[in-house]
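K.L.:
Here is my input, please return the structure:
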Amino acid sequence: MDIRIDDLSGPEVADLIGQHLHNMSELSPPESTHALNLDGLRSPEVTFWSAWEEGELAGCGAIKELDEEHGEIKSMRTATSHLRKGVARRILAHIIEEAKRRGYRRLSLETGSMEAFEPARRLYESFGFQYCHPFAEYIEDPNSLFMTLNITVAQR
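P.N.:
Numbers count the residues shown, from 1 in each chain. You can find the predicted model right below:
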């Protein structure tokens, strides 16, 4: 699998982000939908990766830098044709390694509290993410759960 920084200009990536936004809007009310659109993912504080398998887009993920020691995982998505092939696991491992390389002490994320998000929560838990209070500009929300990974502890 080839995981590379992506400028979000390709039609495959735009389509996958469109699917992601559509799916998030179906699962969560507007005030609880925190997914970034293409313009949001192009912000200077965001680094976006796409994962490719034999020339086909398999998935994506991003880090939003909150400050010099804290990053937020954004836009984790696996293409439907690549589900249950370990794509999300590989992208998440890549993002964690990049966070370590950058010297972050913590990596956090927001995900849904509904049953549809259970596989994502299990993935994050398997990497050592712990549930936490809202971070950055998030607020308590019954449709959201917040998770964080203390990278300095994870490195031991």
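K.L.:
Every contact and neighbour count from this point should use C-alpha atoms.
P.N.:
Fine.
K.L.:
any idea which helix or strand comes after the longest strand along the chain?
P.N.:
In terms of residue count, the longest strand belonging to the chain (DSSP state E) is strand 56-67. Once strand 56-67 ends, the next helix or strand along the chain (criterion: DSSP states H and E) is strand 70-78.
K.L.:
partners of that next one in the sheet?
P.N.:
For strand 70-78, the paired strands and their directions (DSSP bridges) read strand 56-67 (antiparallel), strand 106-112 (parallel).
K.L.:
got CSV for the ones you listed, with distance to M1 too?
P.N.:
Formatted as CSV, the strands paired with strand 70-78 follow (distance: least, Cα to Cα, whole Å):
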stretch, distance to M1
strand 56-67, 9
strand 106-112, 23
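K.L.:
So for F129, which of the ones you listed sits nearest?
P.N.:
Of all the strands paired with strand 70-78, strand 106-112 sits nearest to F129, with 8.1 Å by Cα to Cα.
K.L.:
could you give the mean pLDDT of the closest one?
P.N.:
Across strand 106-112, pLDDT averages out at 97.
K.L.:
Quick one: residues in contact with that strand.
P.N.:
Surrounding strand 106-112, the residues in contact under the criterion Cα atoms under 8 Å, 6 or more residues apart in numbering are 28, 34, 69-74, 96, 99, 117, 120-121, 135, 143-152.
K.L.:
And the buried ones among these, selectable in ChimeraX?
P.N.:
Those of these that count as buried under 16 or more other Cα atoms under 10 Å are selected in ChimeraX with:
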select :28,34,70,71,72,73,74,96,99,120,121,135,144,145,146,147,148,149,150,151
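K.L.:
Among the contacts of strand 106-112, which lie within helices?
P.N.:
I96, A99, A120, R121, I151, T152 (DSSP state H).
K.L.:
Just give the nearest non-adjacent residue to the third one, would you?
P.N.:
Beyond its immediate neighbours in the sequence, the residue positioned closest to A120 (Cα to Cα, 6 or more residues apart in numbering) is T111, lying 7.9 Å away.
K.L.:
what are the ranges of the strands in this protein?
P.N.:
2-5, 46-53, 56-67, 70-78, 106-112, 130-132, 144-150.
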